[in-house]
Each structure stands twice: as C-alpha cells, then as structure tokens.
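Trainee: Need a 3D model of the sequence below.
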Amino acid sequence: MATDQKYIDFIVDQIHHPVGITYKRMFGEYGLYAGVRIFALVCDNRLLIKPTEAGRAFIGNPNLASPFPGAKSYFLIQDELEDHQWISDLIKVTVNELPDPKPKKPKKAK
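Mentor: Modelled structure (predicted):
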C-alpha cells in the first residue's frame, strides 16, 4: 500500500521546524526534509524517523520498524502524530544530531 497524499500533507502540517519541512517522492514513497537534511521516511502511511541517540532519549522506548524488507530500523511514530508539539520537538532533536549531506561529486564530461 503506497502512502496517500492526504497522509503526507497531514504529517507535514503537524511538524513545525525553523527551516521548514519539505518532502520528495522517493521510490514510490516519500522522504521528509528539514532544510537539506532528510530525517524521515513516510512509507505505507507510516512515519519512520531516522534513529538518533537524541531521538531515542526523547522518545524513551521507541517502536522500531523498517520502511521495506531488509532495510535498517527506524523509529515508528503512531500514537503521537496528533500532538504537533511533541512531534515537532522530536524532529528538532533528531535534525540537530544529523549531519549535513555529503556534497555530490561533479559529473564527468564524456
């Protein structure tokens, strides 16, 4: 089951972050970004947050799930989705711990 647009819109509306939240379609699902940092995946109408030590400390005992078979586990957020302050705080501590993406290598001319 793919994620529907209403669900992704709901998730983005719930999260408040100083640099804003955007999403990109990836592999038939979605990646969530705060600025240039990808911090979550939304797969099969499930919010999966990248695991960080700060996120684990904030959540306490997180539920874990994989976005697809064979992938590493992410924090599965379900019951807290209605609490926009809680989810926004989780995203802030998570994004603060994530590194900026590595610069892309320039394509070689043929």
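Trainee: mind listing what's buried in the top helix by length along the chain?
Mentor: Once the chain is assigned using DSSP state H, the helix that runs over the most residues is helix 84-97. Buried residues in helix 84-97, counting neighbours by 16 or more other CB atoms under 10 Å, are found at 86, 87, 90, 91, 92, 93, 94, 95. Where you see a C-beta, it was placed from the backbone N, CA and C, and this is true even at glycine.
Trainee: I figured the fifth one hits residue 17, correct?
Mentor: Yes - look at residue 92 against residue 17 with CB atoms under 8 Å: they come within range, at 6.5 Å.
Trainee: list the contacts for the spatially most central residue of the chain?
Mentor: Nearest residue to the geometric centre of the chain (CA atoms, centre = their mean): residue 40, 1.3 Å. By CB atoms under 8 Å, 6 or more residues apart in numbering, the residues touching residue 40 are 31, 32, 47, 48, 49, 50, 74, 91.
Trainee: how does it look with 10 Å?
Mentor: Counting by CB atoms under 10 Å, 6 or more residues apart in numbering, residue 40 touches 11, 15, 21, 23, 30-34, 47-50, 67, 74-75, 77, 90-91, 94-95.
Trainee: circling back to that earlier point, who touches both of residue 92 and residue 17?
Mentor: 34, 39.
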